[in-house]
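Trainee: need a structure here:
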Amino acid sequence: MSRIVALVDNAVRRSTAFWAEHGLSFCVEQGGARLLWDTGQSGDVLRHNLDVAGLNLETCDALALSHAHYDHTGGLPFVLRERPGLPLYAHPEVLTPRFSLREGTYRSIGMGMSSEEVAKQADLRLSAEPQEIFPGLWTSGEIVERPEPEGRSAHHFVRRGDTWLPDPYRDDMSLVLETAGGVVVLCGCCHAGLLNTLAHVRRHFGRPIQAVLGGTHLASAGEEYLAHVIGVLQEEYGGMHYYLNHCTGENAFAALWKVFGAGRVHAFPAGSVVRF
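Mentor: Numbers count the residues shown, from 1 in each chain. As a prediction, this is how the structure comes out:
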């Protein structure tokens, strides 16, 4: 049996001691091994919520990052101080600096560590191809085919030499957990687009998708696009369960809940646990 614990999210389970922040982190337990998926926005919140959940970084076997943004990598300095040499799985572009353009100023929104610092403190295992972290737990690999809209922001940029370019989000990946009933997809922010990500996983892993967890970047989706997403989900991914948080957004959650019902659509705030 696999177990997934939501450690960091924008919200927390009611009547618990967990802290909230804009960010995401999960603990994934598979076959006796333990993976940290993203690190939230800060080491302080991650440390506190690990303690509340009764988890310890000493028992963590590996770390994987969905992409480079600060709300998913902000706790990385804390993790690597506690566990230097920890295997770190991600896309090679995860070390590329990211920026947000606001009021004419480019502001860093990437990791709080330089690529040299990360390389020195972690056992980097970077690949654009799917990687098996533990038996039955994989990175998705780069979502190359993106015919559907992406989870994009007009403010996000990367720098290539002296030129500022819209962030292509090449580093955006998910996790794929193999279970008896199919595969479970764990998203970070889904900048590659939810429908693109699900199609990629189905194409590369060749099994039905049992559930999708995490941030789906539908918070800014308009009514027309949200209706399109739901239509594709109904037609292509019947029976799939949803455990949603972070950048999914209340409107998207409510729309999915209205169509698929409380039996299949679940909030997944910090402190939540699901088993497969």
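
Trainee: ok, longest helix in this structure?
Mentor: helix 223-236 (DSSP state H).

Trainee: any buried residues in that helix, and which?
Mentor: Leu226, Val229, Ile230, Leu233 (16 or more other Cβ atoms under 10 Å). Where you see a C-beta, it was placed from the backbone N, CA and C, and this is true even at glycine.

Trainee: the first one and Pro149, how far apart?
Mentor: In this structure, Leu226 and Pro149 are separated by 11 Å, where distance is defined by Cβ to Cβ, to the nearest Å.

Trainee: contacts for the longest helix of the chain?
Mentor: Here helix 223-236 makes contact (Cβ atoms under 8 Å, 6 or more residues apart in numbering) with 148-149, 194-195, 198-199, 218, 221, 240, 251-252, 255-256, 259-260.

Trainee: quick one: which of those residues is most hemmed in?
Mentor: Leu194 (26 neighbours; other Cβ atoms under 10 Å).

Trainee: what's the closest non-adjacent residue to Trp257?
Mentor: Val265 (4.4 Å; Cβ to Cβ, 6 or more residues apart in numbering).

Trainee: quick one: contacts for that neighbour?
Mentor: Val265 touches His241, Tyr242, Leu244, Phe253, Leu256, Trp257, counting by Cβ under 8 Å, 6+ apart.

Trainee: JSON lines please, covering these and showing pLDDT, distance to Glu132 and secondary structure.
Mentor: Converted to JSON lines, the contacts of Val265 look like this (pLDDT from 0 to 100; distance: Cβ to Cβ, whole Å; DSSP: H, G, I helix; E, B strand; the rest coil):
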{"residue": "His241", "pLDDT": "98", "distance to Glu132": "24", "secondary structure": "strand"}
{"residue": "Tyr242", "pLDDT": "98", "distance to Glu132": "25", "secondary structure": "strand"}
{"residue": "Leu244", "pLDDT": "98", "distance to Glu132": "26", "secondary structure": "strand"}
{"residue": "Phe253", "pLDDT": "98", "distance to Glu132": "32", "secondary structure": "helix"}
{"residue": "Leu256", "pLDDT": "98", "distance to Glu132": "30", "secondary structure": "helix"}
{"residue": "Trp257", "pLDDT": "98", "distance to Glu132": "34", "secondary structure": "helix"}
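
Trainee: what's the farthest-apart pair in the residues you listed?
Mentor: His241 and Phe253 (13.6 Å; Cβ to Cβ).

Trainee: thought Gly112 was touching Gly74?
Mentor: Yes. With contact defined as Cβ atoms under 8 Å, Gly112 counts as touching Gly74 (6.1 Å).
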